[in-house]
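Asker: Provided below for reference: sequence and predicted model.
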Amino acid sequence: MAYGKKVMDHYDNPRNVGSFDAKDAEIGTGMVGAPACGDVMRLQIKVGDGGVITDAKFKTYGCGSAIASSSLLTEWVKGKTLDQAKEIKNTDIAEELELPPVKVHCSVLAEDAIKAAIDDYQSKQ
Amino acid sequence: MSIDLKQSYFELFGLPVQYVLDDNALAAAFRKLQTEHHPDRFASGTDEAKRIAQQVTSFINTAQETLQSPRLRARYLLSLNGVDFDDERDTTSDMSFLMSQMERREALEQVAQASDPLDAIDELSRDVKKENFELQQSFAEAFEAGQFDEAKQIVLKLKFFERLMGEIKQQEERLEDDAI
């Protein structure tokens, strides 16, 4: 399967790979899985004063598009408020990465992951 | 000679409609049908006969692949009972399950650094296969009890195991190549 240039860039140089301590109160963890392909994605946000996301990390076991979607998302959410981060749509990710239709579900997974991370953070406050 | 392409895969092979499978019976019935319907037998027939023979062969092959795979067989049984699967929308949100899948994948990434990588991957592989087998058993129980929602969630989980076992196998092959 041929990947686009932007997907390859994130695949070769994924941004913000890693993890935070999920038990930390300022950390929100989103864990999602795609049963269509068996991909697993973990996306974590660190939230500072005023509900601004100061840092984000991810770990994805999946195809190039899933890795690129989560990598891109960690870049996008930094500096955003939780409300702004919630507004990110999978279609924005799919468009930016020029994902083919069969890979759009990877961007859906990333959107679900950020929403789950925000929910997790908010449930801890 | 043609066959009914609308019958279920279980009927095709004369097997009971259930999750527990008699592998030998499936293999024998498959071989018999394969021989009877081999496209070569219709090579001198009309285009119509050849076309039908190809359809039949492909039906028999799909049926065999579906029933042979524990995951696809489970999925097929549910679909016979009106349970729909939507690959674009179905999600798995069982956090502890996903967490354990993540940990298994992290463990797989680290086997190469273990003091005895082949030993480490053997252990991981054993654990994962055991869990996968237990999951299949819980599918059979949920399915027989008519708990189709629960059964569907299990089928979705089996895909993560299929993927994980595939990756373990690839890593095993790499390690074995390195060991030579």
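Answerer: Cool, got the structure. The structure presented is a predicted model; accordingly, all values stated were derived computationally and were not measured. Numbers count the residues shown, from 1 in each chain, chains lettered A, B, ... in the order given.

Asker: just give me the residue right at the centre of the chain.
Answerer: I'll assume chain A. Taking Cα atoms, centre = their mean as the criterion, residue A:70 is the residue nearest the geometric centre of chain A, at 3.5 Å.

Asker: not quite, go with chain B.
Answerer: residue B:69 (2.6 Å).

Asker: distance of it relative to residue B:97?
Answerer: 21 Å (Cβ to Cβ, to the nearest Å). For the C-beta atoms, the positions are set from N, CA and C on the backbone; glycine is no exception.

Asker: nearest residue to the residue in chain B that chain A sits nearest to in space, please, no chain neighbours.
Answerer: Distance from chain A to each residue of chain B (Cβ to the nearest Cβ) is smallest for residue B:163, at 3.0 Å. For residue B:163, ignoring the flanking residues on the chain, the nearest one in space by Cβ to Cβ, 6 or more residues apart in numbering or on different chains is residue A:38 at 3.0 Å.

Asker: again, but for residue B:95
Answerer: residue A:31 (5.8 Å).

Asker: would you check that the residue nearest to residue B:163 makes contact with residue B:156?
Answerer: No: Residue A:38 is beyond contact range of residue B:156, at 9.5 Å (criterion: Cβ atoms under 8 Å).

Asker: out of the two, which sits in the more crowded spot?
Answerer: Using other Cβ atoms under 10 Å in any protein chain shown, the more surrounded residue of residue A:38 and residue B:156 is residue A:38, with 24 against 21.

Asker: so who does the residue nearest to residue B:163 touch?
Answerer: Going by Cβ atoms under 8 Å, 6 or more residues apart in numbering or on different chains, residue A:38 touches A:62, B:159, B:160, B:161, B:162, B:163, B:164.

Asker: just the pLDDT for it.
Answerer: At residue A:38, the predicted lDDT confidence score is 90.

Asker: and it, its phi and psi?
Answerer: phi 80, psi 10 (degrees, to the nearest 10).
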